[in-house]
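J.: just a sequence and a predicted model for now, questions to come.
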2 protein chains.
Amino acid sequence: MTAVDAPSGRPASIETPRPGDPRLAGLSLNQWTTRNWGVAEAVEGCLRAGIPAIGLWRQQVAEYGLTQSAKLVRDASLRVSSLCRGGSLTALDSSLDDNRRAIDEAAALGTDCLVMVAGGLPEGSRDLAGARSRVEDAVQELEPYARGAEVRLALEPLHPMYCADRAVLSTLRQTLDLASHWPVESVGVVVDTFHVWWDPEVLAQIARAGARIASFQVCDLLNPLPADLLLGRGMMGDGVIDFRPLREAVDATGYTGDIEVEIFNADVWAADGHEVISTLARRYITEVL
Amino acid sequence: MTAVDAPSGRPASIETPRPGDPRLAGLSLNQWTTRNWGVAEAVEGCLRAGIPAIGLWRQQVAEYGLTQSAKLVRDASLRVSSLCRGGSLTALDSSLDDNRRAIDEAAALGTDCLVMVAGGLPEGSRDLAGARSRVEDAVQELEPYARGAEVRLALEPLHPMYCADRAVLSTLRQTLDLASHWPVESVGVVVDTFHVWWDPEVLAQIARAGARIASFQVCDLLNPLPADLLLGRGMMGDGVIDFRPLREAVDATGYTGDIEVEIFNADVWAADGHEVISTLARRYITEVL
């Protein structure tokens, strides 16, 4: 798999940190990284590795059951750093009911962070400005509900290569411009290294984001990108991203949330989940901290 | 091929315009669109279709001969809207000699526009800021030579999906910030719809660019993108880009140069060149003008 250690020219590998290692204190496993695991296996994986937080996905939560998932993470004393995901706000007939359900689920799971992926252009449409305008309208509709539930809508700018098909929010600047219409308590932003690393103004926009940062996600960008662009995410150290300047910029805003590792990668998914978590914990220390 | 007419939901096709049609007055064939043709075939194709300008590529010019190519386009009364390309300025040991040769070639061909593709991260490097800094240093080195030859270095921001492997210039804002260090006569920018369409501030940055626009290139972005990202460019009307607002914004700057159609697409390359040019001329009228 791509997650073998010691990429060429990089610092040598370290021992896998043990549970209780203070360097793991701010680390979260986004469960899509171990996509083939259900909630129970992912929670068990976090406990074995000493990872104190988890980012949950709605599909897996639904499979295991919402109440059961909430109880499981609570009993395990795991923080839920985020729930993925709400969004799809650009459709011409977009219903907001599913987003209200997602807000309720986030609250039930004990997280205040609902990751929102805006959605791309509707089928056959070329009206990018219109799609962006519908995102604003939808957030306007959802914000009071989120505020009432004490859940933040965490708007995520996605890499511009996904603008047509996944998210018309493309830069941190644009996403912060949008978020600025609402209180920082109810509308935040996600900083995901994969999506923003290329941006010439990323450090300035992270500084500007300040308390708007609802989630900080890390994963690498592979070069070359694979045929399925969605799977171009790699284990930290396997790609082109220099994580420390980004992590330091996020730290400098006063962000105290967890750092979530979210990797969509066919090789990572094919590997043993416990091995993936071990690699992830080591790489987090050598590449990100 | 993808270049069949009347994409669904779009305006019906029109008759292929004849040579002398005033609507073709500002159209240029970038010869990479008819990649399998040499300079002679591309010039002949332009003449047959009544396209008054051509964007040349150095490889094809070298094959046909520089002096011969210059004579051919001059005798045909074709404008040379640009020469592709100089660049590769990010390498740690980047030699500038080849760029000086490219400047000389542009001058010999009678164009003042040399398209510059910055280059990506050097192999194994994650130092994006360093690579961007080397681009600035290289332009600083090359600018006097370009000015002396009355050739503009036309810096082209490429879509951020190419940041790692092709061009660390990723947005029009960034490229204009860089270009602003030099006179508008010697350092310009390229606006290519494929690369900038997603940018939330593209219209404002085109307005800001003003007389810096050295080249305006159009082609569509396909959705989904093909496995080879470089070939994700489509005939206007086959993808997601709404060209008119972009073309109108460029017009509003007072740009009087040609509009170059540059398509990298395996199906277009496999088709008959004259057919491609016919489709291109029709689509230019229905989608861009």
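T.: Nice, I can see it.

J.: so how many other residues sit close to the nearest residue to A:Ile241 once chain neighbours are set aside?
T.: Residue nearest to A:Ile241 in three dimensions, not counting chain neighbours: A:Trp197, with 4.7 Å by CB to CB, 6 or more residues apart in numbering or on different chains. All C-beta atoms are positioned from the backbone trio N, CA, C, and that covers glycine. Applying other CB atoms under 10 Å in any protein chain shown, we find 23 residues neighbouring A:Trp197.

J.: equivalent analysis for A:Gly232, please.
T.: For A:Gly232, the number of neighbouring residues by other CB under 10 Å comes to 23.

J.: I figured it hits A:Leu222, correct?
T.: Yes - with contacts counted by CB atoms under 8 Å, A:Gly232 reaches A:Leu222, the gap being 5.1 Å.

J.: what sits against the residue nearest to A:Ile241?
T.: By CB atoms under 8 Å, 6 or more residues apart in numbering or on different chains, A:Trp197 lies in contact with A:Leu221, A:Val240, A:Ile241, A:Asp242, A:Leu246, B:Leu128, B:Cys163.

J.: can you do 10 Å?
T.: A:159, A:220-221, A:239-243, A:245-246, B:126, B:128, B:160, B:163-164 (CB atoms under 10 Å, 6 or more residues apart in numbering or on different chains).

J.: hmm, back to that, mutual contacts of A:Gly232 and A:Leu222, please.
T.: Between them, A:Gly232 and A:Leu222 share these contacting residues under CB under 10 Å, 6+ apart: A:Phe194, A:Gly239, A:Asn265.

J.: just those residues now: which is nearest B:Thr111?
T.: Here the nearest of those to B:Thr111, counting by CB to CB, is A:Gly239; it sits at 38.0 Å.

J.: any idea how far the closest residue to that closest one other than its chain neighbours is from B:Asp127?
T.: Take A:Gly239 and drop its neighbours on the chain: the residue closest to it by CB to CB, 6+ apart is A:Asp220, 3.3 Å away. When distance is defined by CB to CB, to the nearest Å, A:Asp220 is 15 Å away from B:Asp127.

J.: who's more crowded, these two?
T.: In this comparison of A:Asp220 against B:Asp127, neighbours counted by other CB under 10 Å, the higher total goes to A:Asp220 at 26 against 15.

J.: quick one: the more buried one and A:Gly234 touch, right?
T.: Yes - in this structure A:Asp220 lies within contact range of A:Gly234 using CB atoms under 10 Å: 4.1 Å.

J.: pretty sure A:Leu153 belongs to a helix, no?
T.: No - remark: A:Leu153 does not belong to a helix; assigned using DSSP: H, G, I helix; E, B strand; the rest coil, it is strand.

J.: and it, how many neighbours?
T.: Here the count is done by other CB under 10 Å, and A:Leu153 has 28 residues near it.

J.: show me the beta-bridge partners of it.
T.: On DSSP bridges, the residues paired with A:Leu153 through beta bridges are A:Leu114, A:Val187.

J.: residues in contact with it?
T.: For A:Leu153, the contacting residues are A:86-87, A:99, A:102-103, A:106, A:113-116, A:138-139, A:142-143, A:145-147, A:179, A:182, A:186-189, A:214, taking CB under 10 Å, 6+ apart as the criterion.

J.: in chain A, mark out all the strands, start to finish.
T.: Along chain A, the segments classed as strands by DSSP state E run A:27-30, A:53-57, A:79-87, A:113-117, A:152-155, A:187-192, A:213-218, A:220-221, A:233-234, A:259-261.

J.: report the rounded mean pLDDT for the third one.
T.: Taken as a whole, strand A:79-87 has a mean pLDDT of 97.

J.: same deal with the fourth one?
T.: For strand A:113-117, the mean pLDDT works out to 98.

J.: list the helices and strands that strand packs on?
T.: For strand A:113-117, the contact count by 3 or more CB pairs under 10 Å, 6 or more residues apart in numbering or on different chains; DSSP states H and E identifies strand A:53-57, strand A:79-87, helix A:97-109, helix A:128-149, strand A:152-155, strand A:187-192, strand A:213-218 as packing neighbours.

J.: chain center to that strand, what's the gap?
T.: Between the mean C-alpha location of strand A:113-117 and the chain-wide mean there is a distance of 8 Å, by CA atoms, centre = their mean, to the nearest Å.

J.: list the buried residues of the worst-scoring helix or strand of chain A on mean pLDDT.
T.: Per-element confidence for chain A was summarised using mean pLDDT, DSSP states H and E. The lowest value among helices and strands belongs to helix A:266-270, with a mean of 91. Of the residues in helix A:266-270, those with enough neighbours to count as buried (16 or more other CB atoms under 10 Å in any protein chain shown) are A:Asp267, A:Val268, A:Trp269.

J.: and the most centrally placed residue in chain A, what is it in contact with?
T.: Of all residues in chain A, the one closest to the mean position by CA atoms, centre = their mean is A:Gln217, 4.7 Å from it. By CB under 10 Å, 6+ apart, A:Gln217 lies in contact with A:28, A:30, A:55, A:81-82, A:84, A:115, A:156, A:190-195, A:233, A:258-263.

J.: so what's it closest to, chain neighbours aside?
T.: A:Asp192 (4.1 Å).

J.: ok, now which ones touch that neighbour?
T.: With contact set as CB under 10 Å, 6+ apart, A:Asp192 has these partners: A:30, A:115, A:156-159, A:172, A:215-219, A:233, A:246, A:260, A:262.

J.: confidence score at it?
T.: pLDDT recorded at A:Asp192 is 98.

J.: list the contacts of A:Ala91.
T.: Shown here is A:Ala91, whose contacts under the criterion CB under 10 Å, 6+ apart are A:Gly119, A:Gly120, A:Leu121, A:Pro122, A:Glu123, A:Ser125, A:Ala131, A:Arg134, A:Ala138.
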